[in-house]
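Asks: return a 3D structure for these sequence lines:
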Amino acid sequence: MKIPHRIQPLIDDGMIDAVLQRLKSGKEADVYTVLCGEEIRCAKVYKETTQRSFKQAVHYREGRSVRNSRSARAMQKNSKFGRKQQEETWQTAEVDALFRLENAGVRVPQPYMCIDGVLLMELVTDTEGAVAPRLSDVMQTGEEALAGFHTMIRNIVRMLCAGIVHGDLSEFNVLQAAEGPVIIDLPQAVDASANNHAESMFARDVGNITAYYGRFAPQLLNTQYAKEIWLLYENGKLTPETPLTGLFEEEAHTVDMDSLLDEIITAEDEHYERLRAGKARDEED
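Replies: Now for the predicted structure:
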């Protein structure tokens, strides 16, 4: 097959021996299986900004720090250099997230390196050693769905404890590996504490995963894990081992109407008293 131009330098430098096949063409990257010595790995080739169709990318970039002040200014001005820096920041976000999540015990593909828009990482396989399918292509029994769901929830909790929200999590970017679900596709991952959209993205992530597994285990559709987990996180009580119930009760706020009316009447009386006092001073003058 024709070798992608971004992979060719890695072949020239001996980091990749051969490109075997294209696995997937996505909205932000193409993914290939490649041969590295005797090991088959995965190469994710990021698309140029002009070719990428990821929507509302600005929401995902919010809260990401840029160490170099010149780069930050260029990105704000949207200059040619700034756009190049923005592209590199988008790519390195996934690499940084993969290393952080792997260290936090989240099941993600093991990353090896990222050079010139090519991320080299572990090839995730199924029980027979073939390329692991996406969850969207997998049918499950109720028992399998419950087990998979609770594994995913625990991984999502570990992600949040590491300060990361996936931001685009669904059955389309989770692989069903031999040992269970593996989370992939993280260039849009956001900082849970620095991004104003993090809570809504987190709720959407958990909602998507619940909806998928709920097709096979309908009892999951009545759970409220997103709200329960986020409240624990906000209160500083979330750990990777925190017991979860899937239950959440909204706080009920009762309004004392009598006291509220008294406050309104008092405020009005004070207002008119000030007006009368001001008018009296004007007449004296």
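Asks: ok, so what distance separates the most centrally placed residue in the chain from Gln176?
Replies: Centroid-nearest residue in the chain, with CA atoms, centre = their mean: His166, separated by 1.5 Å. Shown here: His166 relative to Gln176, a distance of 17 Å by CB to CB, to the nearest Å. Quick note: C-beta positions are derived from backbone N, CA and C, even for glycine.
Asks: again, but for Ser136
Replies: As defined by CB to CB, Ser136 lies at a distance of 10 Å from Gln176.
Asks: of those two, who's got more company?
Replies: The neighbour comparison of Ser136 against Gln176 (other CB atoms under 10 Å) goes to Gln176, with 22 against 12.
Asks: ok so that one is a helix residue?
Replies: No: per DSSP: H, G, I helix; E, B strand; the rest coil, Gln176 lies outside any helix segment and is strand.
Asks: quickly list what it is bridged to.
Replies: Beta bridges link Gln176 to Pro181, judged by DSSP bridges.
Asks: that one and Arg134 touch, don't they?
Replies: Yes: shown here, Gln176 and Arg134 form a contact pair, counting by CB atoms under 8 Å, at 7.4 Å.
Asks: now do the contacts for the residue nearest to the centre of the chain.
Replies: 156, 159, 173, 183, 186, 188-189, 201, 205 (CB atoms under 8 Å, 6 or more residues apart in numbering).
Asks: and which of those residues is nearest to Leu275?
Replies: Checking the contacts of His166 against Leu275 by CB to CB gives Met201 as the nearest, at 49.9 Å.
Asks: gap between the residue nearest to the closest one when sequence neighbours are not counted and Asn195?
Replies: Leaving aside its sequence neighbours, Met201 sits nearest to Gly167 (CB to CB, 6 or more residues apart in numbering; 4.6 Å). Gly167 sits at a distance of 8 Å from Asn195 (criterion: CB to CB).
Asks: just Met1 next, same as before
Replies: With CB to CB as the criterion, Met1 and Asn195 are 39 Å apart.
Asks: point out where the stretch 151-285 of the chain drops to low pLDDT.
Replies: In the prediction, the stretch 151-285 of the chain carries residues with pLDDT under 70 at positions 251-257, 260, 278-285.
Asks: what do you get if the cut-off is 90, keeping everything else the same?
Replies: Across the stretch 151-285 of the chain, residues meeting the criterion (pLDDT under 90) sit at 187-188, 248-285.
Asks: try the stretch 1-150 of the chain
Replies: Looking along the stretch 1-150 of the chain with the criterion set at pLDDT under 90, you get 1-2, 25-28, 47-94, 116-117.
Asks: give the buried residues for the helix or strand containing Ile229.
Replies: Assessed by DSSP states H and E, Ile229 sits inside helix 225-234. Neighbour counts using 16 or more other CB atoms under 10 Å place 225-230, 232-233 of helix 225-234 among the buried residues.
Asks: can you pull the buried residues of stretch 117-132?
Replies: Neighbour-count burial for stretch 117-132, counted by 16+ other CB under 10 Å, picks out 117-125, 131-132.
Asks: what values do phi and psi take at Thr223?
Replies: Backbone torsions of Thr223, given as degrees, to the nearest 10, read phi -90, psi 160.
Asks: no no, Ala189
Replies: Torsion angles, degrees, to the nearest 10, at Ala189: phi -50, psi 140.
Asks: residue contacts, it?
Replies: 60, 93-94, 97, 164-167.
Asks: same thing but 6 Å
Replies: 97, 164, 166-167 (CB atoms under 6 Å, 6 or more residues apart in numbering).
Asks: what's the answer for Ile183, then?
Replies: Per CB under 6 Å, 6+ apart, neighbours of Ile183: 108, 174.
Asks: go again using 8 Å as the cut-off
Replies: By CB under 8 Å, 6+ apart, the neighbours of Ile183 are 101, 106-108, 155, 159, 166, 169, 173-174.
Asks: can I assume Tyr32 sits in a strand?
Replies: Yes: the assignment for Tyr32 by three-state DSSP puts it in a strand.
Asks: out of the contacts of Ile183, which are inside helices?
Replies: 101, 155, 159 (DSSP state H).
Asks: number of residues surrounding the last one?
Replies: Put plainly, it is Met159. For Met159, the neighbour count with other CB under 10 Å is 27.
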